[in-house]
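J.: Need a 3D model of the following:
(chains A, B, C and D)
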Protein chains: 2
Amino acid sequence: MSDVTKSCLVQKLSTYISLDSVSQRHLARLEEKEQMLDKAEIVNTIGTTTDALYVVKTGWLYAYADLADGRRQILRLYHPGDVIGFPDIAFHHATATVRAVEATCLCPFPKTHLDSIFRESPRLTALLFTLAVRDQVIFMDLMKAMGRMSARERIGYLLLDLISRLRITNTTMTDTFRLPLSQTEIGDMLGLTNVYVSKTFRQLEQDEYLERDGIKVRLLREGDLIEMTDFYNRYVDMDVSWFPGQAG
Amino acid sequence: MSDVTKSCLVQKLSTYISLDSVSQRHLARLEEKEQMLDKAEIVNTIGTTTDALYVVKTGWLYAYADLADGRRQILRLYHPGDVIGFPDIAFHHATATVRAVEATCLCPFPKTHLDSIFRESPRLTALLFTLAVRDQVIFMDLMKAMGRMSARERIGYLLLDLISRLRITNTTMTDTFRLPLSQTEIGDMLGLTNVYVSKTFRQLEQDEYLERDGIKVRLLREGDLIEMTDFYNRYVDMDVSWFPGQAG
DNA sequence: CGTTTGCTTGAAGTAGGTCAATGTGAGTGG
DNA sequence: CCACTCACATTGACCTACTTCAAGCAAACG
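T.: Just a heads-up that it's a prediction; the model follows:
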């Protein structure tokens, strides 16, 4: 049982619903194997075929796509307890390249493990489905930021999103968190240049929205940031009331 | 049976997998009722609670979010055969406002109908899950466009996405389609102003990428547009090979 | 200890925004 | 059938948020 309780995946999913033993057994199968990655190492390349998904055990990663002329868009970030590769189960070829931000530990598992979850655990299925559509909502929030917000607002939005995600599993976290992304990477997430990210960060610092200390960021006026960016925390407040009941 | 074959939902889903009679019966339940909407009428407002989802029978609609100062982002478009409201099943409150682009017919159904699909039809569940993650991929494609592409590229991307979606159900369509969106709405989808949308459209016309005739658009050099925008058609090429088999 | 990677800062350029005027077709009431 | 309105498209002049280019610096790293 200690193995199960150590799993970030189980820990993350448990914050939403209680997991019966059948569900826990299904989830445990997803973390049977381990694979270590160095900083900047690539998990899977866009356009290649792959049968594997991954549970993130430690470290941050991101999925991105390149344009022909070198422009790059980072599409999503993965933290411990997240599953990499759901989008790819819908297609024959990987739709994005995934790269490790830092040294990382992953647990690969085959697509077919999902199949058995769909057949045997309606409750877990409902949760996975709900998380998939919740991710859609989070993408739409981000689209609102990218389409209609200034650089300052976008960066504020990103910081709020990050701290909210980290709080899912780290309930003791207050206003400070580790941000292991370079400013070029932040720009590639938000559609900005590294130069302007730097300038905007300095401004936010000067206006006392935040403090930085190396890789650490401290949000000084989170409430003001929330108001500035019209931020809504999608990581709490999920509706699980309609889920099918627990299996025996 | 003629009722079932007339359903855009069944028609759309049938292009991906064969639907057994159990699945068809489940889907038929989603279109038992009908509701008409006028142009510009609102389906549900952001922040309100709702128990209903909707199958689109005829007409276009869109979901959007407003910022405090009047800026607006259109988040997604709905066409006949699409389901409105999946994102909302994850939350207690609606995450966006949905409005009819033109006169529209919807079929409302309660969340609980999904529950029974999850329990009784693993194959349909797998399809719905796959469509949800496919939508994620489409959002990420759009994010790439919004984050890293010029106005010209973004508009090209939108036109390609639209024509590809329309081709799912209208297999005879060639290079011309009806575009009932105003330039303000197109701008609100792509993070541009109506003024610049107008200027960019004129340029695209002048460079002979397209022709316009009132509400109709004709793509003259679709291949060049695809290359320009690095477009990948996500509406074909889905992987359904891993789905659970058909029920009896 | 040289090299690389990332952050900062400034100067100059540009894609797209803002503002404002004009045109135009679709509806609507008389 | 006409006059009026209204929503939408177009166009031009001007503006600015962000980019590009370039240089200098600090920290990490082999």
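
J.: tally of neighbours for A:Ser21?
T.: Counted with other C-beta atoms under 10 Å in any protein chain shown, residues neighbouring A:Ser21 total 11. C-betas here are computed from N, CA, C, even on glycine.

J.: I'd like the distance between the residue nearest to A:Phe91 when sequence neighbours are not counted and B:Asp51.
T.: Distance criterion C-beta to C-beta, 6 or more residues apart in numbering or on different chains; nearest residue to A:Phe91, sequence neighbours excluded, is B:Asp239 at 5.4 Å. From B:Asp239 across to B:Asp51, the span is 33 Å (C-beta to C-beta, to the nearest Å).

J.: Looking at the two, which has the bigger crowd around it?
T.: Neighbour totals were compared for B:Asp239 and B:Asp51, and B:Asp239 leads with 16 against 13 (other C-beta under 10 Å).

J.: what's the more buried one in contact with, if anything?
T.: By C-beta atoms under 8 Å, 6 or more residues apart in numbering or on different chains, the contact set of B:Asp239 is A:89-92, B:130.

J.: If we use 7 Å, what do you get?
T.: By C-beta atoms under 7 Å, 6 or more residues apart in numbering or on different chains, the contact list for B:Asp239 reads A:89-92.

J.: Secondary structure element holding the residue of chain A found nearest DNA strand D?
T.: Nearest to DNA strand D, among the residues of chain A, is A:Tyr196, at 3.0 Å (C-beta to the nearest atom of the strand). Assigned by DSSP states H and E, A:Tyr196 belongs to helix A:194-206.

J.: picking that back up, whichever of the contacts of B:Asp239 count as buried, I'd like them selected in ChimeraX; how would that read?
T.: In ChimeraX, a selection of the buried entries from those looks like this (16 or more other C-beta atoms under 10 Å in any protein chain shown):
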select /A:89,90,91
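
J.: Once you drop chain neighbours, what's closest to the residue nearest the centre of chain A?
T.: In chain A, the residue lying closest to the centroid (C-alpha atoms, centre = their mean) is A:Tyr78, at 3.7 Å. Leaving out its chain neighbours, the residue that sits closest to A:Tyr78 by C-beta to C-beta, 6+ apart is A:Leu61, at 4.4 Å.

J.: and that neighbour, how far is that from B:Met140?
T.: Between A:Leu61 and B:Met140 the computed distance is 15 Å (C-beta to C-beta).

J.: about what we covered before: would you format the contacts of B:Asp239 as TSV with secondary structure and pLDDT included?
T.: Formatted as TSV, the contacts of B:Asp239 follow (DSSP: H, G, I helix; E, B strand; the rest coil; pLDDT from 0 to 100):
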residue	secondary structure	pLDDT
A:Ile89	helix	87
A:Ala90	helix	90
A:Phe91	strand	92
A:His92	coil	89
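
J.: Among the contacts of B:Asp239, which one sits closest to A:Arg148?
T.: A:Ala90 (28.4 Å; C-beta to C-beta).

J.: Do I have it right that that closest one meets B:Met238?
T.: Yes. With contact defined as C-beta atoms under 7 Å, A:Ala90 reaches B:Met238; the gap is 5.6 Å.

J.: which residues do the two both contact?
T.: Common neighbours of A:Ala90 and B:Met238, counting by C-beta under 7 Å, 6+ apart, are B:130, B:134.

J.: in the helix ranked longest in chain A, what's buried?
T.: Of all segments of type helix in chain A, defined using DSSP state H, the longest is helix A:122-148. Residues of helix A:122-148 classed as buried: A:122-148 (neighbour count, 16+ other C-beta under 10 Å).

J.: repeat for stretch A:145-161
T.: Judged by neighbour count using 16+ other C-beta under 10 Å, the buried positions of stretch A:145-161 are A:145-149, A:151-161.

J.: Can you tell me which of those residues is closest to chain B?
T.: Using C-beta to the nearest C-beta, A:Gly147 comes nearest to chain B of these, at 3.3 Å.

J.: and chain A, what are its domains?
T.: With domains defined by automatic domain parsing, chain A comprises A:2-120, A:135-229.

J.: Need phi/psi at the closest residue to A:Leu67 other than its chain neighbours.
T.: Spatial nearest neighbour of A:Leu67, excluding adjacent residues (C-beta to C-beta, 6+ apart): B:Asp230 at 5.7 Å. Per-residue torsions, B:Asp230: phi 50, psi 40 (degrees, to the nearest 10).

J.: Kindly report the same for A:Arg76.
T.: A:Arg76 has phi and psi values of phi -170, psi 160 when expressed as degrees, to the nearest 10.

J.: who does the nearest residue to it once chain neighbours are set aside bridge with?
T.: Nearest non-adjacent residue to A:Arg76, counting by C-beta to C-beta, 6+ apart: A:Ala63, 5.2 Å away. Judged by DSSP bridges, the bridge partners of A:Ala63 are A:Arg76, A:Val98.
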